[in-house]
Each structure stands twice: as structure tokens, then as C-alpha cells.
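Enquirer: got a predicted model here, sequence first, then my questions.
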Amino acid sequence: MAPRLSGFTRASALGPITEFMERQGGSVLRVLNDVDLPVALLEQREMVVPLREQFRFLERAAKETGDRYFGARLGQVVKSPDLSAFGAWVCSAGTLRQAIERAHAGIAAMLQTSTNLDLSEDGDCVRWSIEFVEPETDGRHHNELLGIGYMMDTVRVYAGAKWCPDVVMTALPVGEPRAELEGIVRTNVSHGHATTSIRFDATLLDMDRPTYGSLPEPSPHGEEPQVPRQDDEFATIRAVLELAAHEHYPRIERVAAKLGTTRRSLQRRLAAHGTTFHRLAEETLLRRAENLLRHDKESVTEIALSLGYHDPAHFTRAFRRWKGTTPTAYRAALAGPA
């Protein structure tokens, strides 16, 4: 049986994590280093990250800050319209009901896989739930409460900045103290539920979005590539390899570990797709090198180091092998005649 593939999420799902960590007295750089994630994701918000890695990140951040409700506290400062092209598209819908429908329809392709959203109506109340279909448990409750924060902010786009749900339902144990968490989310909290949810008045669903001048309708997919499909093994492997290539020359052991498998198993899986780790790594580095040479102002030496090469000579030899020319000549050709 093939191993179960991890879901993916965008780096943008972490919200204003750098500023938040600093206010909490922690170091986001130390946390990223400890969980082996690239610093680049702080700036490149469209990057995709295995969902289990975000779980680990939030768990480590909670330990760094000594905050048992780190995810919940972060969730109260996030803004759904800032959640990549997906968030802007969701929150531009005419009514809250339409926004929730957009969230359900687009989350797997645009923001995050292994994530189920559900809306159930019961008389004059509705319950909006989030569930992560991931076996990992460390950091799960932080991610669930962070997700609830985004859901609450989506409602606030329509109901106003001071709105709070009637109750926040969590999957934490029934005996877990509630007072601190209730202070964070500013409403009642109930533990021991199968899924983490918010409950609120059903009349809010048909509230219109406040308009402030003429706002253009965002594209449903913006400029971002889609998140790898849950069942696409090759896209999953490639996405993790690209993540690993942001600060180091990608090593097969590192990629295999982030996929939750072994070096030998990863080699077999790639062979079944008609390729090798070395070939895929070279293709990844070539794409990044071409993009950096085309759009960045950095020197060839700086680009070589950012790609994990110890000196520009090694990068130049590799680039000549890939493209039949040097990085300097390639960049000059892109610039055209002086």
C-alpha cells in the first residue's frame, strides 16, 4: 500500500507570524531553523508547505513563547482578505453565505488540502466547522484554532469588526480549562467536540458585504499556482523538493523525511514516475535559477549561494550543462542589446 500523502498549505496561512512572534517574545527565525523550514517563506507567501510541517511549526512556536494557546492568539490577529488570492476572492463575495460557499469550493485548489470545511444549519443557528484530515497530532489544536480565527474574521468582514460567535467549539479534552481561551476569542468556549467549529446566528448568512467605493472582483486563482492535489504523488514530491531547495542544495534524505518516508522508498516512487531524485532536483534548480536571473537584481554569486552552491564556479558549470551558456550570458541575452 502506498503511504498516505500529506496535505499542503500556503505560507500565507500563518498570517503576520513574524510580528506576532516578536510581540510574544519569541524568535521566528529560531523556530524555522528548529523545524527545518526556509526563511524564504516569510517573504514568499505563495510558497506551499506540507500541512504537517505547519503543525510542527505552530507546536514549536508555542513552546518558544510559552503560550499554550498560541494558535488561538495568532488566529485573532489574522485577516482573511490577506490570505493569498484565495482570501481576497472569498471576502469579495456579495453575502456571507456566498463567501462561505466560495471558501468551501476553492480551499483545496487555492489554499490548503487535507482540510474539510462544513456548514450546517439548525433552525436559527449555524455551525461552521474545520477539520484536518492528517494523522499527526502535535500542533493540531493550534492549527485548528488558527483556522477558526480566519473563519471568524471572514464573518467579521460582513458582520463588523466587533462581532463574535455565540460559542467556539473545540476538540480539546472536556476537562481543559476554558477561561484563558474564552478571554482570547472573547466568547464562550465548549470542549470535547469531534470538530472545531463556531456557532452563530443564521440571519448573518444573508448579510451583504459593506462596500467602500468600487472594489474590483479578484480573480479566483490570482497569480498563484494551485496547491498540489491530495492524490497527486508526483506533484507532492516536487513541491517538497522545491521547498527544500530554497536555502540548500536539496538532499534526498531531507526531502524523504518531510514526506514521511525513507530514501529508498522515495527513490522507488520516483522511478515509478520515470525519473530520479537527481534529475528532479536539477530541474528544480534550473527553474529557480532562470527565475532569479530573469527577475532578481542579485549578482550571479549571490544567486549561486541562494541555490545552495558553495561558490559561483560550481553554479556556472551546472548552468552551462543545463542551458549551454553561462548565467552571465543568459542574463545579458534576456536584457537584449545595450
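Expert: Received it, and whenever you're ready, just let me know what you need.

Enquirer: pretty sure D118 sits against I107.
Expert: No - with contact defined as C-beta atoms under 8 Å, D118 does not reach I107; the gap is 11.5 Å. From N, CA and C alone the C-beta is placed, and that goes for glycine too.

Enquirer: mind checking which of these two has more residues around it?
Expert: I107 (19 against 12; other C-beta atoms under 10 Å).

Enquirer: which residues does that one contact?
Expert: By C-beta atoms under 8 Å, 6 or more residues apart in numbering, I107 lies in contact with 86, 115, 117.

Enquirer: top of those by number of neighbours, please.
Expert: F86 (26 neighbours).

Enquirer: helix or strand: which one has it?
Expert: Take DSSP states H and E as the rule and F86 turns out to sit in helix 84-90.

Enquirer: and the next element down the chain from that helix?
Expert: Helix 84-90 is succeeded, C-terminally, by helix 96-110 (DSSP H and E).

Enquirer: list the buried residues of that following helix.
Expert: In terms of neighbour count (16 or more other C-beta atoms under 10 Å), helix 96-110 has its buried residues at 96-100, 102-103, 106-108, 110.

Enquirer: again, but for stretch 45-63
Expert: For stretch 45-63, using 16+ other C-beta under 10 Å, the buried residues are 45, 47-62.

Enquirer: take the residues you listed and keep only those in helices.
Expert: Among those, the ones falling in helices (DSSP state H) are 51-62.

Enquirer: nearest to R156 among these?
Expert: L58 (22.3 Å; C-beta to C-beta).

Enquirer: and the residue lying closest to the closest one once chain neighbours are set aside, what helix or strand is that in?
Expert: Excluding the flanking residues, the one nearest L58 by C-beta to C-beta, 6 or more residues apart in numbering is H142, at 3.8 Å. Assigning secondary structure by DSSP H and E places H142 in helix 140-159.

Enquirer: let me see the mean pLDDT of the helix or strand following that helix.
Expert: Next along the chain after helix 140-159, taking DSSP H and E as the criterion, comes strand 167-169. Across strand 167-169, pLDDT averages out at 98.

Enquirer: so how far is strand 167-169 off the chain centroid?
Expert: In this view, strand 167-169 has its centroid 24 Å away from the chain centroid, taken as C-alpha atoms, centre = their mean, to the nearest Å.

Enquirer: so what strands line up beside that strand?
Expert: The strands beside strand 167-169 in its sheet (DSSP bridges) come out as strand 188-190 (parallel), strand 196-201 (antiparallel).

Enquirer: what does the first one rub up against?
Expert: Counting contacts by C-beta under 8 Å, 6+ apart, the residues outside strand 188-190 that touch it are 166-170, 178, 181-182.

Enquirer: sketch out the low-pLDDT regions of the stretch 201-338 of the chain for me.
Expert: 211-226, 230, 337-338 (pLDDT under 70).

Enquirer: care to break the protein down by domain?
Expert: 8-205, 233-335 (automatic domain parsing).

Enquirer: so which of those domains gets nearest V227?
Expert: Short answer: domain 8-205, nearest of the domains of the chain by C-beta to C-beta, at 4.9 Å.
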